[in-house]
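A.B. asks: Sequence plus predicted model, see below.
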Amino acid sequence: MDEFKHRFHQIGLDRSERAKLAPIMFDLAELGDPAAIEIVEHATQELSHLIDSCYQQLEQKGPAIILLGGLTAHPQFYDRLVAGTINTIPDAKIQQPKLSATSGAVLKAMRAEGIKTS
């Protein structure tokens, strides 16, 4: 444990190393570990506030919000994120993506170049 604390607090972890810890944290939270539950709750609250900030900046009306990414694959995180998002944006409509993020980016680029898409 001392080696873990030293590595985590003194040396630090890069982004990919921290990402590998997420599934472990979710599992611990599901098992009722208080520290893990607090971390997961804090993360979903912060992300919900970030979603709300984007919503406000984009001046969305009748928002359709699509939540995707590696963390949303974990049901506990996704459910908490949906609840947090609806709490901060009561009229939010959470939807599943119709296409991958890459496909969406390609379509947007095509439209920006004046290429008609259907």
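C.D. replies: Sure thing, it's come through. Only a predicted model underlies this, so the values are computations on that prediction, with no experimental measurement involved.
A.B. asks: What segments of this protein are helices?
C.D. replies: With DSSP state H as the definition, the chain shows helices at residue ranges 2-5, 15-30, 34-58, 75-88, 101-112.
A.B. asks: Disregarding residues adjacent in the polypeptide, which is nearest to Ala19?
C.D. replies: Gly70 (7.0 Å; Cβ to Cβ, 6 or more residues apart in numbering). Every C-beta, even on glycine, is put in place using the N, C-alpha and C of the backbone.
A.B. asks: hang on, the earlier thing: closest to Ile94 out of the helices of the chain?
C.D. replies: In terms of Cβ to Cβ, the element of the helices of the chain nearest to Ile94 is helix 75-88, at 5.3 Å.
A.B. asks: how about that closest one: buried residues?
C.D. replies: For helix 75-88, a neighbour-count test (16 or more other Cβ atoms under 10 Å) marks Phe77, Tyr78, Arg80, Leu81, Val82, Gly84, Thr85, Thr88 as buried.
A.B. asks: and if you look at stretch 27-40?
C.D. replies: Leu28, Ala29, Ala36, Ile37, Ile39, Val40.
A.B. asks: now do stretch 37-50
C.D. replies: Neighbour-count burial for stretch 37-50 [16+ other Cβ under 10 Å]: Ile37, Ile39, Val40, Ala43, Thr44, Leu47, Ser48.
A.B. asks: Looking at these, which one is closest to Thr102?
C.D. replies: Leu47 (21.6 Å).
A.B. asks: how near is the closest one to Asp27?
C.D. replies: 19 Å (Cβ to Cβ, to the nearest Å).
A.B. asks: so Phe26 makes contact with His74?
C.D. replies: Yes. Under the criterion of Cβ atoms under 8 Å, Phe26 makes contact with His74 at 4.9 Å.
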